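Peer 1: With the sequence up front, the predicted model follows.
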Amino acid sequence: MAAHRPDTECDSVPNVDLSNLNVRARIALFLPRIQGRFSVGVTTFVTPVRPPQSIGTAKLKRSAGKKQEQPSHALFLEEVAFTAYYPADVSAASKKGVPWFLRPIRESLHGFAAFLGLPSWLLWPVVYLFGAFLRIPAYPNAPLLSPSKADINASQWPLVIFSHGLGGGRTVYSQFCSRLAASGKIVLAVEHRDGTGTVCMPRSWNQGMKSGPRPIFYLRETDIHWDDSDKIDTHPIPLRGQQLVFRHHEVHIAYSTFCRFLRNDPTLDLETIDGSPFDKSSWLSSDQSSDAAKVRYQDGIVFTGHSFGGCTVLSLLSTEPLEGYAAIPVERVVILDPWLEPLPSPGPTPFPRKKATDEASVAEESVRSSVEGVFATENGTPNGRSLHPRMLVINSEAFTIWKDHFARLQEVVAGWEPEGGKILTLVGSAHVSFSDFPVLPIIRKKTAQPILDTIAKLSLAFLEDKLDEALETLPKTKMEVKIVGVKKDGKPKRKLVGNVGDVIVL
C-alpha cells in the first residue's frame, strides 16, 4: 500500500477465540456497495512453482535461540496466488460476502503489527473485530457470467492484471478491482509473496502433496543479510530490486497459468486457496481456441498497480522478460501513485517491442512460451516509434508535491506519452486513497469515497477511450502550490490549491 518512508518494528499478539460469538454469523461490516453494471465474483487461485526457486541473494536473519522454520533465502518462490475479480452469474440464492482480512486472522494481526511498527496488543481489538465481520460486497467463487448473456458489444471479457504496493495484498484494493470487474473486466490481483505484503501463507507442493502454510510477514532491511561472497547489488534499494525480480516471476506465472486454465490444460495444477469448490465450467468454452474463449487473453492486456505495484509495472514493461518468459501482450497501463525510487535512473523507458501480427510467428512464440499471442522484440513501427502500451498515471497530492520525485515522474511519462496530458492529480488525496483503508466501515472519511470513485471513473474512461469526456464532467483546477506551515524538520509544508477531488491535468 504505502511506500517510501523508513520502516519500523513489530511485536506479538495474544490468541483470541471468536468461535463462540453467536452474532458472528448474522453481522457483517461491508465495504461500500460496488458501483457498476455487473455483480462481482471473487475467487482466489493458487498454483505451484516447480521446482521452487530462490530469487536473489537476500537471506533471512536467524533469531537467537530459534530454529529456522523456513528457507534461509528471504525470497523463495514455491507457490503463486492471485485473486480474480470478475462479472458474476448470480441468482437470488447467491450469498454475498468475501472476507477482507486474510485467514487465519491471528497471522493477519501479526502482519499488520509488523508493517505498522505497532505492538500487536494495541491492534488486536480492531483487527479481530474487522477480521471477524468485515466483508467485500461480492460473491465468493460465483460462476463467471458468460459474455453472451451479458449483452455487451464484445464476445470476450478483457483481462487486467493488478500489482499491489507495500503493505498491500490481494484484498486491500478490492474497491478498485471490483469496480473494474463490475464494468465488465476480469481483474487478476496478484498476491506478491516477496515480503511486501502484511502477510501471506504459501505452501510447498511436492509430488501431489502440499505442506502446511507458512506465514511470511513484511520484510525490512533489518530482517535480512547478504553473505560476504554475494555479488554487490547495483539497484538503488537492493532489497526492493530483488523483490522486483520476484514480482516479475509472479506476474508472468499468474498470467501464463490463467491462460492455461482458460484453455483447459489437463496438465495444470490449479485450485482455490482454501480448497473450496468453484464452477470451473463457467470459465471454459466448448471450443478451446483463444478466439472462442470467454476472456480475451491473447492480446489487449491491461497492467495496473499502486505505489510499489506501479513500480513493478514500469519495471516489467521497461526490461526484457526474464529467461523462460515471453512478453505479456499489454495494450494499456494505469498506474496509481507510482513509487520510482527502487528503479535505476534515468528511466525507466519503454522496452521496444512490436506486436506479432503474422499468424505463424504468433503460433511459434505461443509454443515456446505456453502462452498464446505475445509481442516480439523487434524495433520500429510504421510511424517510426517503438510500439508500447498507452499509459495513464493518477497521482495523489502527496506524491505530486514531492518535488524531486514528481519531476522524475514527468520525465518518465514523457517517454511513454510524448504528447503529454497523461498525469492526473487529485487535490486532497493521499497515498492511501487508492486502497480500501480510507473507506473501511466505522472509520471511513467523508471525502474518501468520492476520491476513490473519481480514481475508478478516470481509470475506466482511459481504458474505454473516453478520458477526455470524463474530464469534461469533473471539476478541474490548475497546478498551484501554496505554503501552509512548517514541518518538524523546518522545511515548508506545501499544499495544492483547490477543492478536495479537483483534477489537475498535466
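Peer 2: Happy to help now that I have it. Numbers count the residues shown, from 1 in each chain.
Peer 1: Please put the alpha-carbon coordinates of the strand or helix carrying Tyr128 into CSV.
Peer 2: Using DSSP states H and E, Tyr128 maps to helix 120-133. In CSV, the C-alpha atoms belonging to helix 120-133 read as follows (Å, rounded to 0.1, in the frame of the first residue of the first chain):
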residue,chain,number,x,y,z
SER,A,120,0.1,-6.2,18.3
TRP,A,121,-1.6,-6.0,21.7
LEU,A,122,-2.6,-2.5,20.7
LEU,A,123,-4.0,-3.6,17.3
TRP,A,124,-5.7,-6.9,18.2
PRO,A,125,-9.2,-5.5,19.3
VAL,A,126,-9.5,-3.7,15.9
VAL,A,127,-8.0,-6.4,13.8
TYR,A,128,-10.2,-9.1,15.4
LEU,A,129,-13.3,-7.0,15.1
PHE,A,130,-12.8,-6.3,11.4
GLY,A,131,-11.3,-9.7,10.8
ALA,A,132,-14.4,-11.4,12.0
PHE,A,133,-17.0,-9.2,10.4
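Peer 1: So for that helix, what gets flagged as buried?
Peer 2: Buried positions in helix 120-133, judged by neighbour count with 16 or more other CB atoms under 10 Å: Ser120, Leu123, Trp124, Val127, Tyr128, Phe130, Gly131, Ala132, Phe133. The C-beta positions use only the backbone N, C-alpha and C, and glycine is treated the same way.
Peer 1: Can you identify each of the helices in the protein by residue range?
Peer 2: Residue ranges of the helices in the chain, as given by DSSP state H, are 105-116, 120-133, 174-182, 238-262, 308-318, 359-369, 397-400, 403-416, 448-463, 467-473.
Peer 1: And these, which one averages the lowest pLDDT?
Peer 2: Lowest mean pLDDT within the helices of the chain: helix 359-369, a mean of 39.
Peer 1: Show me what the helix holding Tyr128 packs onto, helices and strands only.
Peer 2: Under the contact criterion of 3 or more CB pairs under 8 Å, 6 or more residues apart in numbering; DSSP states H and E, helix 120-133 touches helix 105-116.
Peer 1: Next, the angle helix 120-133 makes with the helix it packs on.
Peer 2: Computed by axes from the mean of the first three to the mean of the last three CA atoms, to 10 degrees, the angle separating helix 105-116 from helix 120-133 equals 130 degrees.
Peer 1: ok so, going back, what's the closest of the buried residues of helix 120-133 to Glu341?
Peer 2: Leu123 (27.9 Å; CB to CB).
Peer 1: so how far is Phe437 from that closest one?
Peer 2: From Leu123 over to Phe437 the distance is 14 Å, taken as CB to CB, to the nearest Å.
Peer 1: And Phe133, by the same measure?
Peer 2: The spacing between Phe133 and Phe437, counted by CB to CB, is 16 Å.
Peer 1: can you check His110 too?
Peer 2: To Phe437, His110 is 18 Å away according to CB to CB.
Peer 1: In the protein, where is pLDDT below threshold?
Peer 2: Low-confidence segments of the chain (pLDDT under 70): 1-27, 62-71, 208, 228-234, 288-291, 353-387, 420.
Peer 1: Tell me where the longest strand sits in it.
Peer 2: Secondary structure of the chain per DSSP state E: the longest strand is strand 40-54.
Peer 1: ok, that one: who's next to it in the sheet?
Peer 2: Here strand 40-54 is paired, per DSSP bridges, with strand 76-87 (antiparallel), strand 139-140 (parallel), strand 271-272 (antiparallel).
Peer 1: that older thread, so for His110 and Phe437, which sits in the more crowded spot?
Peer 2: His110 (24 against 20; other CB atoms under 10 Å).
Peer 1: I'd assumed Ile216 was in contact with that one.
Peer 2: No - applying CB atoms under 8 Å, one finds His110 not in contact with Ile216, separated by 10.7 Å.
Peer 1: Overlap of the contact sets of those two?
Peer 2: Residues touching both His110 and Ile216 (CB atoms under 8 Å, 6 or more residues apart in numbering): Val199.
Peer 1: what's the neighbour count on Phe176?
Peer 2: Residues within reach of Phe176, counting by other CB under 10 Å, total 24.
Peer 1: Look up the closest residue to it, ignoring the ones flanking it.
Peer 2: Ala456 (6.1 Å; CB to CB, 6 or more residues apart in numbering).
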